[in-house]
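S.K.: With the sequence up front, the predicted model follows.
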Amino acid sequence: MDLTDVYFIKGTAYAGKSTTVIRLAEKHNGIACRENYHEELMDETLDPEEFPCLCYTRDLKDWHDFVRRTPDEYEAWVDGAAAECEKLELKILDRITGKGKPVFVDTNISLETLGRITDRHHVLVMLADPEISVRRFFERPDREKQFLYRLMKEEPDPEKSLENFRECLKRINSPERYERFLHSGYPVISRDENRTIEETVALAEKAFGLEEKNRPPVIVRKIDPDTPMYELLIRFVESCSWDDAREHIAQMLRNRELTDWETMFAAVSDGNIVGMASVMKTDYYPIPEVFPWVSCIFVTEEFRGRRISGELIACANRYLKQLGFARSYIPSEFSGLYEHYGYEYLRDIVNYGGGTDRLYAKDLSDV
């Protein structure tokens, strides 16, 4: 099953899951699998042995038996039905995925199963306060909910029947279940009555990384002197927020101080430079035997978090490998940063200002 373009929303009732699924599908020309979409397979004959909870009517004398269930019985039925719905959902997804369209799912599939079958960035948790799920259960015009409400009104003691069902709803919308969702490790959107649907959809897009697909792509390019892009790079450096290096780098570029194989790289989006890096023979350290350096790494604030630094570094290293270098070096005052890009800490080094930094190196054989 190809789940590359499938995005799952899991969570509590009244959190806006189905509405968000529908809006995302409309906006991204995709397929919406809204609440209880598994019911399209309910018309097929289900084996009561395999689907005992979905075939619940076999154990009921009438529908009044359903609303008379205790909270323990109701909770067991809901959990069992969710597990059975998971099987049906996976069958449906196997039919509709892999056809070039994104699929957005208000799902019954457990977080444990989702953790095995899809990328964590394709799962979003949406939550509403547990009290809302209980209080507003009968406010929806759903045929099924209104049917249950009428059944309880027909009971010998309607108020007692309604109170028992509220206790059932409290059980499956408990604070404990809410907390498990909240701390599941997946992105969470909590219901906010002051937030518009459009704002909620934008939050979902960010969680899924879909906003990236609506942005112009970022392309890393080697920048040669005496080109319009070189002049644009100088203006970018002069206006960037990196105070410590802005004047030094701009002067280096204006004076054409890069020689031989030294060069600059720029990350370009929609004709604008949004990031840069360089490869140089020397850096701010009195150790001429160490080179080449990957340096001047900077990405403008609004484009951070899009892995652009990693692409700048990768592009610089590919260039250095083509020149025949076996290693590249990066200095940093931080630990735990450049390790993500395959660099290993070698030793501490002292810069020209007397400060101590960390020296990192990367083997270019696998670049």
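M.R.: Cool, got the structure.

S.K.: rest of the way, CA atoms for contacts and neighbours
M.R.: Will do.

S.K.: Point out where the protein drops to low pLDDT.
M.R.: Along the chain, the parts satisfying pLDDT under 70 run over 38-44, 56-60, 140-141, 212-214, 305.

S.K.: For L114, the count of nearby residues, please.
M.R.: L114 has 16 neighbouring residues, counting by other Cα atoms under 10 Å.

S.K.: which residues touch it?
M.R.: Going by Cα atoms under 8 Å, 6 or more residues apart in numbering, L114 touches 120, 123.

S.K.: Okay, and it sits in which element?
M.R.: L114 belongs to helix 111-117 when assigned by DSSP states H and E.

S.K.: Kindly format the C-alpha coordinates of that helix as PDB.
M.R.: C-alpha atoms of helix 111-117 as PDB (Å, rounded to 0.1, in the frame of the first residue of the first chain):
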ATOM      1  CA  LEU A 111      -1.600   5.900  16.700                       C
ATOM      2  CA  GLU A 112       0.400   2.700  17.300                       C
ATOM      3  CA  THR A 113      -0.600   1.400  13.800                       C
ATOM      4  CA  LEU A 114       0.000   4.800  12.200                       C
ATOM      5  CA  GLY A 115       3.500   4.800  13.700                       C
ATOM      6  CA  ARG A 116       4.200   1.600  11.800                       C
ATOM      7  CA  ILE A 117       2.700   2.400   8.400                       C
END
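
S.K.: List the buried residues in it.
M.R.: Of all the residues in helix 111-117, those buried under the rule 16 or more other Cα atoms under 10 Å are 111, 114.

S.K.: Please save the CA atoms from whichever helix or strand comes after it in CSV.
M.R.: Where DSSP H and E defines the elements, the next helix or strand beyond helix 111-117 is strand 123-127. Presented in CSV, the C-alpha positions along strand 123-127 are these (Å, rounded to 0.1, in the frame of the first residue of the first chain):
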residue,chain,number,x,y,z
VAL,A,123,-0.2,12.3,11.4
LEU,A,124,-1.9,15.1,13.2
VAL,A,125,-3.8,15.0,16.5
MET,A,126,-6.8,17.4,16.9
LEU,A,127,-8.3,17.8,20.4
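
S.K.: so W77 makes contact with F51?
M.R.: No. In this structure, W77 is not within contact of F51 by Cα atoms under 8 Å, at 11.2 Å.

S.K.: Against which helices or strands is the single longest helix found in the chain packed?
M.R.: Using DSSP state H to define each element, the chain has its longest helix at helix 71-96. Applying 3 or more Cα pairs under 8 Å, 6 or more residues apart in numbering; DSSP states H and E, we find helix 71-96 packed against helix 158-172.
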